[in-house]
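**Q** predicted model, plus sequence, below.
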Amino acid sequence: MADREKPVSGEFYRHFKGNLYQIKMLAYDSENCNPVVVYQAMYPPYQCWVRELEEFMSVVDSDKYPDAGQKYRFEKVEIECLGQETIFPKEVISEKEEVSSKEVTCPEKGTATSDKKDNQTKEPASEIAMKGFLKLLDAPTFHEKRQIFVGLRQYLDKHMLSNIAVALDIALEEGTQEQQYDSILKCLETFEHYEGGRLR
């Protein structure tokens, strides 16, 4: 771990099984004062996990996982690269398959797919929506967030609209998917307007 930089809050790391996670913070275990990483899954239901820093930064066990596509258990990825590669497998891979007995077990059950080549040829709308959602969260201004949101229109379902509303702290009322989309868009336009006022 000595030759690797420690994770920083807000950075994205890819687990060797394919899923993407965002670093929330570094903390310390109250029992032994060991540093731990708090990180959140970037796929529903967006659960948070805790793992010792040393283990988070460790090398993949090549004997146990000979087909791992990367050297380290978690490797940092740049947000700009999300549109250039398939990060999410077709089925969600649960950390339950790989966590130690000390960690909280995950209620989800998922399996890795072996047809990654098929996924790379044509991405499902859900994956495009997720990548756009991550870019929207990372966008520094509401002007950029609105542009990304408009570009994602054809890929958003009610579940993703709800996630975006929660992330932007927008109270989303009941209605059709079209009505909810328009409601979020109006809020973004309002945020952008007042953001521009503050910059003047």
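**A** Structure received. Remember, it's a predicted structure, so these values are computed and weren't measured experimentally.
**Q** switch to C-alpha atoms for all contacts and neighbour counts from now on
**A** OK.
**Q** doesn't R14 make contact with Y72?
**A** No: if you go by C-alpha atoms under 8 Å, Y72 and R14 don't touch, sitting 9.5 Å apart.
**Q** mind checking which of these two has more residues around it?
**A** R14 (21 against 18; other C-alpha atoms under 10 Å).
**Q** which element, helix or strand, includes that one?
**A** strand 12-15 (DSSP states H and E).
**Q** which residues does the next helix-or-strand element following that strand contact?
**A** Reading on from strand 12-15 to the C-terminus, the next helix or strand found by DSSP H and E is strand 20-28. Here strand 20-28 makes contact (C-alpha atoms under 8 Å, 6 or more residues apart in numbering) with 7-15, 34-43, 87-88.
**Q** so which helix or strand of this structure has the lowest pLDDT on average?
**A** helix 116-121 (a mean of 40; mean pLDDT, DSSP states H and E).
**Q** secondary structure class for L185?
**A** Following DSSP: H, G, I helix; E, B strand; the rest coil, the label given to L185 is helix.
**Q** ok, the residue nearest to it when sequence neighbours are not counted - contacts?
**A** Nearest non-adjacent residue to L185, counting by C-alpha to C-alpha, 6 or more residues apart in numbering: R146, 7.0 Å away. Shown in contact with R146 (C-alpha under 8 Å, 6+ apart): L185, L188, E189, E192.
**Q** repeat the analysis, applying 10 Å as the threshold.
**A** L136, A139, L152, I184, L185, K186, C187, L188, E189, F191, E192 (C-alpha atoms under 10 Å, 6 or more residues apart in numbering).
**Q** which of these lies closest to M160?
**A** Of all the contacts of R146, L152 has the smallest distance to M160: 10.4 Å, by C-alpha to C-alpha.
**Q** alright, that wraps it up for me.
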